[in-house]
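S.K.: Sequence and predicted model, in that order:
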Amino acid sequence: QVQLVESGGGLVQAGGSLRLSCVASIRIFRTYGMGWFRQAPGKEREFVAAINWSGGSTRYADSVKGRFTISRDNAKNTVYLQMNSLKPEDTAAYYCAAHTRMDYTTVVLPGGYDYWGQGTQVTVSS
């Protein structure tokens, strides 16, 4: 059974940094593309960042470009989201997700992901 477990969320002041981690119990992790999404109360789940199986291709939402960095360590079955220069509008539950069949244009769509984590809360105070 596939499990994705996020960690690293918390409360931080505006301008601060956090690094989220997602450990995947996937038999062949390196065959999966990974993504991070977030959802604030009363809002739809939105795409944050994605990375392909090798780590050689990434994509970011415009709202986080230049501030967030997605990376992965296939030896540790882990994907990371380094978040710098955090803003109050980044406050949300953050979810990692895994897929096997999407490409650069479709990784922004939550419906194409096969597995999801339970989420980790990030709160940015002003």
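M.R.: Thanks, I have the structure now.
S.K.: CA atoms for contacts and neighbours, from now on please.
M.R.: Will do.
S.K.: Find the nearest non-adjacent residue to the most centrally placed residue in the chain, please.
M.R.: Residue closest to the average C-alpha location in the chain (Cα atoms, centre = their mean): W36, at 2.0 Å. Spatial nearest neighbour of W36, excluding adjacent residues (Cα to Cα, 6 or more residues apart in numbering): C96 at 4.5 Å.
S.K.: The nearest residue to A40 once chain neighbours are set aside: neighbouring residues, count only.
M.R.: Spatially, and ignoring its direct neighbours in sequence, A40 is nearest to A92 (4.3 Å; Cα to Cα, 6+ apart). Neighbourhood size, A92 [other Cα atoms under 10 Å]: 21.
S.K.: what are the bridge partners for A92, then?
M.R.: V122 (DSSP bridges).
S.K.: Let me see the confidence value for the residue nearest to the centre of the chain.
M.R.: Among the per-residue scores, W36 holds a pLDDT of 98.
S.K.: Adjust the sequence numbering to begin at 6 for everything that follows.
M.R.: Sure thing, new numbering starts at 6, so read that last one as W41.
S.K.: can you pull the contacts of it?
M.R.: 52-55, 86, 99-102 (Cα atoms under 8 Å, 6 or more residues apart in numbering).
S.K.: nearest to Y118, of those?
M.R.: The nearest member of the contacts of W41 to Y118, counting by Cα to Cα, is A102 at 6.2 Å.
S.K.: how near is that closest one to V84?
M.R.: Using Cα to Cα, to the nearest Å, one gets 10 Å for the distance from A102 to V84.
S.K.: Between those two, which contacts overlap?
M.R.: Counting by Cα under 8 Å, 6+ apart, the contacts common to A102 and V84 are M39.
S.K.: circling back: thought the residue nearest to A45 was touching V127?
M.R.: Yes: contact criterion Cα atoms under 8 Å: A97 and V127 qualify, at 5.5 Å.
S.K.: So in terms of bridging, what pairs with the residue nearest to the centre of the chain?
M.R.: The partner residues for W41, given DSSP bridges, come to A54, C101.
S.K.: could you list every residue that touches G124?
M.R.: G124 touches 10-11, 98-101, counting by Cα under 8 Å, 6+ apart.
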